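# Sequence and predicted model, in that order:
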Amino acid sequence: ETLQRARQIESRIIQNEKRFMFTLDNYMKIRLIMLRVNLRIPILLLGESGCGKTFILEFIAINFFCDTFELLVFHSGISERNFENFVDNCIEKANKDRNKRLWMFFDEINTTPLIPIISELVTERKAHFATKQNNELPDNIIVVCACNPFKFRSMDVDEEKSRRAEKAQLTHKVYPIPESLVSFSFNFGQLSPEDEITYIKSILRDEKIADLDPNFMTTLSEALQLGQQFLRKNDSESAASIRDIRRFTRLIAVFQRFGNYSIAEALMLGFYVCYSIRKRSDETTFREYRERIEEFNDQIQSRLSSILNKHNVRERSLERLFDTACQLYTKEVKRLKCWPDDISDNRPVRENLFIVINCLIAKVPLFICGRPGTSKTVSILIAKKLFEVSSQEKEQSTLFKQLPQAEFFQIWGSKEMSAEQVQRHFDKT
């Protein structure tokens, strides 16, 4: 019977294409979660972003038990009506088949003022909404919550004195977790260095990077772990997650396919884009951060030396290779007449444009942070014009021959913009 159940689970994993790296830490987490579920004890997972909270719950529900999994991610724009409709839909689905369990997962619960209702729903298994006084949950519904720990941002002494509101010290707006929920909290923790390198190797094997010699898998994994450590050291512990490795592999594929770069050059560009030029921490001066970037680039160059030697890479500097790539893209954009005549050719525009184009192709989310006048909007407008070039003109391009068509939707944000307005723009898109 045990063997048959194991084969069924393996079949569901293959069917759902859910790959999971089993480590001792993950095994203990799965056992503790399953124990609490079977004993009907509420679960509140605490852990950094990207540490696998949502993935492991969905994996257990779908692949281990073949249950239904419903997810609601809270933020300041989720209204009580949205929350009520979600709960009502879950109750309706659970009542249709009382023999099948439904996992109702609430993520980021400390980002919403609705947390008292969530607490009541978890602890009492009922909720009092404005339109309904009593929403009781069926016995086959499992309620699980998760949240990221709040963080205090670093500030200078003078700046901190000028702050009167304590909430100004937080990196994002959060609400206190009720005492009734704290007793059910389960610290999910962070990945240990050993588990992190195991995850990185697993992702690299799954992604199957073209032209990468399997013998260099460990070398690349160690270099990526160095990049993760660089982000945590220069920003915060929450700055790096396993998601960064997925983004890295996506961009590598784009550099190889669209930029015609060798695997060694693509790796160098990937490290520079994904790690070297990521947002610096506020307490660090630009000169200090530049020194840290140069030190990091030298470390990556040293770690990748065996790969660079095999592919006879002449340009070993990550920054110079990146600058050359930006200039090539800029030259081709000008040839296609997508560069406005009244915009000067400067480094900020070239860098922003290169990253915008490649992130759009790779479908990687991108935030361009900078002071007014640093060519943020200009680079996006140039990229928009480039993606709108006709297929005939793209066919004559050496770099953008395979560039897909794209439609752009602009939202001009302001302090007065509400979450409902953003949602309407998103629905329209």
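Arrived safely, thanks for sending. Residues are numbered from 1 along each chain as shown.

# C-alpha from now on. contacts and neighbour counts both.
OK.

# quick one, strands of the chain?
43-46, 68-73, 102-107, 126-127, 135-136, 141-147, 185-187 (DSSP state E).

# lowest-confidence stretch among those strands?
Note on the strands of the chain: lowest mean pLDDT is at strand 135-136, with a mean of 78.

# in the stretch 1-150 of the chain, which ranges drop under the pLDDT threshold?
Within the stretch 1-150 of the chain, the set of residues satisfying pLDDT under 70 comprises 1-21, 130-134, 150.

# Now do the helices for it: every range, in order, please.
Remark: helices assigned in the stretch 1-150 of the chain by DSSP state H, counting those that start in this stretch are 2-16, 24-38, 53-59, 80-96, 115-124.

# Format the ones you listed as JSON lines; extra columns: mean neighbour count and distance to Ile343.
Shown next, in JSON lines, are the helices of the stretch 1-150 of the chain (neighbours: other CA atoms under 10 Å; distance: least, CA to CA, whole Å):
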{"stretch": "helix 2-16", "mean neighbour count": "13", "distance to Ile343": "49"}
{"stretch": "helix 24-38", "mean neighbour count": "14", "distance to Ile343": "53"}
{"stretch": "helix 53-59", "mean neighbour count": "18", "distance to Ile343": "45"}
{"stretch": "helix 80-96", "mean neighbour count": "16", "distance to Ile343": "45"}
{"stretch": "helix 115-124", "mean neighbour count": "18", "distance to Ile343": "49"}
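
# can you put the strands of the chain in JSON lines and add distance to Arg278 and mean neighbour count?
Shown next, in JSON lines, are these (distance: least, CA to CA, whole Å; neighbours: other CA atoms under 10 Å):
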{"stretch": "strand 43-46", "distance to Arg278": "26", "mean neighbour count": "22"}
{"stretch": "strand 68-73", "distance to Arg278": "26", "mean neighbour count": "16"}
{"stretch": "strand 102-107", "distance to Arg278": "26", "mean neighbour count": "22"}
{"stretch": "strand 126-127", "distance to Arg278": "43", "mean neighbour count": "20"}
{"stretch": "strand 135-136", "distance to Arg278": "46", "mean neighbour count": "16"}
{"stretch": "strand 141-147", "distance to Arg278": "25", "mean neighbour count": "23"}
{"stretch": "strand 185-187", "distance to Arg278": "28", "mean neighbour count": "15"}
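
# Could you export those as JSON lines, including distance to Ser418?
Shown next, in JSON lines, are the strands of the chain (distance: least, CA to CA, whole Å):
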{"stretch": "strand 43-46", "distance to Ser418": "28"}
{"stretch": "strand 68-73", "distance to Ser418": "18"}
{"stretch": "strand 102-107", "distance to Ser418": "21"}
{"stretch": "strand 126-127", "distance to Ser418": "26"}
{"stretch": "strand 135-136", "distance to Ser418": "29"}
{"stretch": "strand 141-147", "distance to Ser418": "23"}
{"stretch": "strand 185-187", "distance to Ser418": "32"}
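
# what's the closest non-adjacent residue to the most centrally placed residue in the chain?
The centroid of the chain falls nearest to Arg243 when counting by CA atoms, centre = their mean (4.9 Å). Nearest residue to Arg243, sequence neighbours excluded (CA to CA, 6 or more residues apart in numbering): Gly50, at 6.4 Å.

# Same check on Val364?
Val364 sits nearest to Arg247 (CA to CA, 6+ apart), 6.5 Å away.

# and the one you found, how far is that from Glu222?
Arg247 sits 17 Å away from Glu222, taking CA to CA, to the nearest Å as the criterion.

# Give me the mean pLDDT for stretch 227-236.
Mean predicted confidence for stretch 227-236 is 86.

# Flag every buried residue along that stretch.
227-231, 234-236 (16 or more other CA atoms under 10 Å).

# May I have it exported as PDB, CA atoms only?
The C-alpha coordinates for stretch 227-236 follow below in PDB (Å, rounded to 0.1, in the frame of the first residue of the first chain):
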ATOM      1  CA  GLY A 227      26.100  36.600  -6.000                       C
ATOM      2  CA  GLN A 228      23.300  35.800  -3.500                       C
ATOM      3  CA  GLN A 229      25.700  36.600  -0.600                       C
ATOM      4  CA  PHE A 230      26.700  39.900  -2.300                       C
ATOM      5  CA  LEU A 231      23.000  41.000  -2.400                       C
ATOM      6  CA  ARG A 232      22.400  40.200   1.200                       C
ATOM      7  CA  LYS A 233      25.600  41.900   2.400                       C
ATOM      8  CA  ASN A 234      24.900  45.100   0.500                       C
ATOM      9  CA  ASP A 235      21.200  45.400   1.000                       C
ATOM     10  CA  SER A 236      19.400  43.100   3.400                       C
END
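
# Good, wrapping up.
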